[in-house]
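1. Any chance you can model this:
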Amino acid sequence: MQKSSTMLLLNVAHAIDHMFLLIFATAVTTIALDFGLTRWEDLMPYSAAAFLLFGIGALPAGRLGDHWGRRSMMVVFFLGMGVTAVLVSFAQSPLQLSVALAVLGCFAAIYHPVGIPMLLQRAERPGWVIAVNGFAGNLGLALAALVTGYLVKQFGWRMAFAVPGLLSIGCGVVFWLTAIEESTPPAKRKPVQAELPPALLARVLFVMTLAATSGALLFNFSTNGNYELLHERFVAISRDPATLGLLLAGVYALASIAQLVVGKLLDRFDVKSFYLTLLALQIPFLMLAAYAEGWTLYILQILFMMAIFGSIPFTEAMIVQFVDDRMRSRVAGMRLAVSFGASSVAVWLLGPVVKQAGFTVLLWIMAALSALTFLVVTRLPSTSPAGRGTGGARVQTSA
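-> Below you'll find the model as predicted:
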C-alpha cells in the first residue's frame, strides 16, 4: 500500500492536472480582450497545441514511468507544471501564450500514465481508488472555474496562472521529500497478473482506445465550453465571472459526486453493462440541453456532466483488469496518446464551431459522440467487477 501522504498528493496532482488545463478556457474572454481580440472564439484555437501535446506526451511519459520510475516522473510533473504555469502568466501575445500552454501540456501529459498506475499499485478496491482519484481530478475542474473566476475578477488573468503554479511547486517539494523511493522500476518487477490471449487483448485495447477517444472528445468539448455556454444562455442571472464560476463549480462538484458512486459500484457490478447504462443517459441529456436556457439549461448541464464524469473511471478499471502493473504506464500512455491527441481537435474546433453554428450544433455533435461510444463499447467482452480484477482479468469471450 502507498503511504497516505503519497496517495493524497497523487490525488492532488490529478486536481492540478485538470485545473491547470482549464484555467485558460475559464479566463479566455478576459485574455482575448487584454490581447486586443474582440471575440473569445478567435483565441481558443491557440490552446489546441497544449491538448495535442497533453495526448502525444503520454506515450514517452508512460515509457519513462515504467522504465525510469513513477516517483521520479511525478516530481518532474509537479515542478514542471508549476514553473510553466508561472511562465504562462508572463505571455504578452497570443503566440507566446500558445507556446507556453504547449509546454504546460507536455508536463500535464505525465500524470495519467504515471500517477494513476502508481496510485493503483496493489490496490484492493481499484474501482473505489479510481473513483476517488477521478473525484479529485474533477474537483480540479471546479477549482478552475471557482478560483480562476475569483482571481480574474480581483487580480487579473495572469495571477490566475501564477498563484496555482507556485502551489504546484510547493506540492512537488513535499512529494519529493515524503514519497517512498522505488527499489525497482515497474518494468523490471515480476509479473503478478495472468496475460490475456493476444487476440482478445488486441480487441480489448482497440475498443478501449476508440471509446476513450470519443469520451475524451466529449470531455474536452464540455469542460472547455461549459463556461461560455453558461455565459451565453444565463444572461438573466449574471455576467459576473465570479458568479458564473461559482455556478460552474457547482456543476463539477455534483458531477464528481456521481463519479464516486460509480467507483463504489464498479467493485460490485459487471463493468460493461454499467458503462453502457451511463453512456445511454448522456444522449437525451445533451439533446435536451441543445435547446435549453437559464435554470433548465443549468439542471441539464448538471445531468449530462454527471453522466460524462461518471463514465471516466471505466477505462482505468479495464486496464487494471487486463494489464499487469509492470506495463500499465506504457499501455495507458499508448491509449492516452491516441485518445487525448485526437481529442485535442475538440479544443481547436470549439471556438470556430460555436462561432459559426452556435452551441445547439455543438451539443448535437456531443450527443452523436455519446451514441458512437455506446456502439463501440458493445464490442467489449463482458467482465467481472473491477474489484476482482487485480489478480487477473475474468472475461467472457463473447461480446
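2. any idea which residue sits dead centre in the chain?
-> Centroid-nearest residue in the chain, with CA atoms, centre = their mean: His18, separated by 5.9 Å.
3. That one reaches Leu141, doesn't it?
-> Yes: with contact defined as CB atoms under 8 Å, His18 counts as touching Leu141 (5.2 Å). (Glycine included, C-beta is placed from N, CA and C.)
4. any shared contact partners between the two?
-> By CB atoms under 8 Å, 6 or more residues apart in numbering, His18 and Leu141 have these common neighbours: Thr223.
5. what about the residue nearest to the centre of the chain, distance to Ile180?
-> 26 Å (CB to CB, to the nearest Å).
6. what does Trp40 give?
-> Counting by CB to CB - Trp40 and Ile180 are separated by 45 Å.
7. Over to Ala371?
-> From Ala371 to Ile180 the distance is 45 Å (CB to CB).
8. Repeat that for Pro164.
-> Distance from Pro164 to Ile180, by CB to CB: 27 Å.
9. the more surrounded of those two?
-> The neighbour comparison of Pro164 against Ile180 (other CB atoms under 10 Å) goes to Pro164, with 26 against 10.
10. Please report phi then psi for the more buried one.
-> For Pro164, the backbone dihedrals (degrees, to the nearest 10) come out as phi -60, psi -30.
11. Can you list the low-confidence ranges for the stretch 151-300 of the chain?
-> 187-196, 236-239 (pLDDT under 70).
12. Could you report the separation of the closest residue to Tyr291 other than its chain neighbours from Gln321?
-> Excluding the flanking residues, the one nearest Tyr291 by CB to CB, 6 or more residues apart in numbering is Thr360, at 6.6 Å. Applying CB to CB, the value for Thr360 to Gln321 is 39 Å.
13. Also Trp157?
-> Applying CB to CB to Trp157 and Gln321 gives a distance of 43 Å.
14. and Ala258, what is it in contact with?
-> 306-307, 309-310.
15. how does it look with 7 Å?
-> Listed by CB atoms under 7 Å, 6 or more residues apart in numbering, the contact set of Ala258 reads 306, 309-310.
16. contacts for stretch 228-246?
-> Looking at what lies outside stretch 228-246 - CB under 7 Å, 6+ apart - the contacts are 26, 40, 145-146, 148-150, 152-153, 227, 247-248, 293-294, 297-298, 359.
17. and if you look at stretch 363-381?
-> For stretch 363-381, the external contacting residues (CB under 7 Å, 6+ apart) are 200, 204, 207, 210-211, 214-215, 217-218, 221-222, 272, 275-276, 279-280, 282-283, 286-287, 289-290, 395-397, 399.
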